[in-house]
Every structure is written in C-alpha cells, then in structure tokens.
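J.: okay, predicted coordinates and the sequence, questions at the end:
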Amino acid sequence: MKHSREILSILVGLMLAMLTSAVCAQDSGGPATPPVAYQSMNELNNILGQLRQTSQNLQADLSRTRIERWKTDSGTRRQTQANAESIQRNLQSALPEIVSQLNNAPEDVAASFKLYRNLDALYDVLGSVAESAGAFGSKDEYQGLSNDLSSLEGLRRTLGERIQNLASSKETELARLRGVVKAMQAAPPAPPKKTVVDDTEPPAKKPVKKKKPTTTTANPPAQQNTPPQ
C-alpha cells in the first residue's frame, strides 16, 4: 500500500505537468500529444507481452486447482473459490479492456495507473488464494499459483518504474516550460513602434499671375470726306 501511495503522489504531479503541457501546446497551436518514442513503445510492448503470458498461465493454473477437494472448512473453501472466480473474471474481461486503452495511448498516465491498480488488486487476491493453496492444496497447485504471483509482482514493479520514469520526463518538460514562461515574463517589452504624423500644412504657393497678352491698336481708318450734297 505504501508503494501505491508513492505512485499516486507521483501521478498527481504528473497530471499537473501534462495539463500544463497540453495548455501550452494548445496556446502555441502545436499538437497536444507528441509522438511516442520507440524506446517507450518497446518497453510497454514487453510489459504487455509478459502480462499476456502471465494471464494465460494463471487462468490455466486456476482451472487445475480443485478447491472443493481441499481439507478445510466450508467457509474457507467458499471464500477461496469466490476469490478464484473473481480473478478469472478480471483476467477475461476487465484486464483486456484496460490493456486496450493503454495500447491506444501508450504514455497516457491515467491508463497506465489504471493498469497498475488492477495488477495491485490481482496480486492481493491471488496472494490469498496461493496462501490457502499452500496450506490446504496440493504441492503442484501451490507451485503454479506461487509462480504466477511472482510474475504479477515483477510486472507490477516494472510498470511502477515505468510510471516513475514518465513522471520524471514530464517533470523535466514542465521545468522547461516554466523556464520559457519565466524568461518571457522577465524579457523587457518591445518598444512600441512610433508613427510620425506630419500634420503641418505646406506653405501655400503664390498664384502665378498670367501675363495679359499685349494688344496692338490698329491705326484708325482714315476719315473720308463726304462731299456735301
């Protein structure tokens, strides 16, 4: 439970980091989710591949476990049988759905932590069944369930480390974004552009006086003497 609380506290910080990254990406017009790195995808595929094999082995071992034949009281048999059936339902229904969600979003923290919590619950219930098998069942029943329990423990630990690495990566990204924001806030604002408006009117030009054309007066016609009548 202590390990679960540590993972939960990491998750809270990681969710805040992812939220900040998404907001900044949206403001800048960039993609909200960057492409998944090959190393990260390969790591997840290895985890899910081991989980698939462990699930198959566990279902087979539970089907071979004859709880009804155990030499113990009926209450213990009923409780153990109920736990075994609960594990079977989880492996056949809930777990594949969670794995499918994580496959669609390999670095999604909510989906990763959901798988972690599911493995944690499976580990606790299977631990009780394996303990009862060691006390009341056959050696083969106990050995098979004990191996499955060890596999679940390894997967839970590996997945927890992956979540911690994702948290560290997101925290680094968050610190970078904070630095960018801090630098933007500290930078002096750019001086406003000055627009010079020349509102002085140019001096009015003096109108050019047109010279009047000189007209020459024609000689008046000679006065003709009209003879008296």
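T.: Okay, I see it.
J.: what's the nearest residue to residue 147 once chain neighbours are set aside in contact with, if anything?
T.: Residue nearest to residue 147 in three dimensions, not counting chain neighbours: residue 57, with 7.4 Å by CB to CB, 6 or more residues apart in numbering. (C-beta placed from N, C-alpha, C; glycine too.) Contacts for residue 57 (CB atoms under 8 Å, 6 or more residues apart in numbering) come out as 144, 147-148, 151.
J.: name the helices or strands packed onto the longest helix seen in the chain?
T.: With secondary structure taken from DSSP state H, the chain has its longest helix at helix 139-186. When contacts are defined as 3 or more CB pairs under 8 Å, 6 or more residues apart in numbering; DSSP states H and E, helix 139-186 packs onto helix 2-28, helix 38-64, helix 109-136.
J.: on that earlier part again, mind giving me the ChimeraX select for the contacts of residue 57, buried ones only?
T.: Buried residues within the contacts of residue 57, by 16 or more other CB atoms under 10 Å, are selected in ChimeraX with:
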select :144,148,151
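J.: dump the contacts of residue 57 into TSV; add pLDDT and distance to residue 96 as well.
T.: As requested, these are exported to TSV (pLDDT from 0 to 100; distance: CB to CB, whole Å):
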residue	pLDDT	distance to residue 96
144	97	22
147	97	22
148	98	17
151	97	17
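J.: Three-state assignment for residue 192, please.
T.: coil (DSSP: H, G, I helix; E, B strand; the rest coil).
J.: list phi and psi for it.
T.: The phi/psi pair for residue 192 (degrees, to the nearest 10) reads phi -70, psi 150.
J.: quick one on the thing from earlier: got the angle for the longest helix of the chain vs helix 38-64?
T.: 150 degrees (axes from the mean of the first three to the mean of the last three CA atoms, to 10 degrees).
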